[in-house]
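Undergrad: Here's my sequence, what's the structure:
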Amino acid sequence: MKYILSSFLLLFLSSYVQGQEKDSRFKFGAKAGINLSFLTHDIGPFNQPDETYSSFKRNPRPSANIGVTLNVQMPKKFNFGVELLFNTRGATYVQENEKVQEEDDQGVERNAKNYYNYNIDYLELPLTVNYNFKSELSNTYIIGYAGIAPALAINHKTRLKYPKKDPDHHNQKADLPDIKSFNNNIITGVQLGEHYGSMRELYMDLRGTYMLSPVFSRSVNNQGESLYTHMYTFTLAFGIKF
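TA: Numbering: from 1, shown residues only. All right, here's what the predicted structure looks like:
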């Protein structure tokens, strides 16, 4: 999988050079956005909660993605897309902290929150087939797409974060072992865009991602707790093509 990822990266760069010099069918760009990721099953201490973790609830993890894109025009309304993304994912577990009170937006005091984060960062190479539902003569477009996204895990940590006013606890960080180094995702989404002049396009990208293989390389950890889970991610991104 490393060699596949490297080969596609080289293909992306060589296509960029060729596209700049010879072929207007190639469109390059950049994009950035936010993710909401969550695990499909509770894992680690959360699948058999003890006194420490019993009140934690599974939540999506908000995070970010950024990268570069390449689109190659195909016959009729189809085009082929390649992206190289730094994609941060994972999950968050949330617990009310009864020792610390904070004001919400309405000025009402509520219990503050403790957060247990699974932070998993990937280098991904989404490959998509795209179809434009609008006329090629239109100044706007609606593109639906689907594809796969090979992914290389490049960073994986856990973080237990307490409110600043908590007198008894301090934030903790640790390595997250047994993450599967290579994985694959199925992706689907829609782009809403507009042409500005003859070359530039601005667009919004809504995407759903499902990790095909389990996130972890083992089904249980050394304590016998389950590690079996997949991952969903929903993404809102904005990009430019030129």
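Undergrad: Asn184 - that's part of a strand, no?
TA: Yes: Asn184: assigned to a strand according to DSSP: H, G, I helix; E, B strand; the rest coil.
Undergrad: how many neighbours does it have?
TA: Asn184 has 14 neighbours, counted by other C-beta atoms under 10 Å. C-beta: built from backbone N, CA, C; applies to glycine.
Undergrad: so Tyr196 makes contact with Lys241?
TA: No: using C-beta atoms under 8 Å, Tyr196 makes no contact with Lys241, being 10.1 Å away.
Undergrad: Neighbours of Ser181, how many?
TA: Ser181 has 12 nearby residues by other C-beta under 10 Å.
Undergrad: ok, the nearest residue to it once chain neighbours are set aside to Gly67 distance?
TA: Closest residue to Ser181 apart from its sequence neighbours, by C-beta to C-beta, 6 or more residues apart in numbering: Ala153 at 5.5 Å. Relative to Gly67, Ala153 is positioned 16 Å away (criterion: C-beta to C-beta, to the nearest Å).
Undergrad: next one: Gly144
TA: 20 Å.
Undergrad: Check Arg61 too.
TA: 19 Å.
Undergrad: mind showing which ranges of the protein have poor pLDDT?
TA: 1-24, 197-199 (pLDDT under 70).
Undergrad: Tell me the first helix or strand C-terminal of the longest strand along the chain.
TA: In the chain, assigned by DSSP state E, the strand with the most residues is strand 78-103. Next along the chain after strand 78-103, taking DSSP states H and E as the criterion, comes strand 109-124.
Undergrad: okay, the angle between whatever helix or strand comes next after that following strand and strand 78-103?
TA: Downstream of strand 109-124, the next assigned helix or strand under DSSP H and E is strand 127-132. Inter-element angle recorded for strand 127-132 and strand 78-103: 100 degrees (by axes from the mean of the first three to the mean of the last three C-alpha atoms, to 10 degrees).
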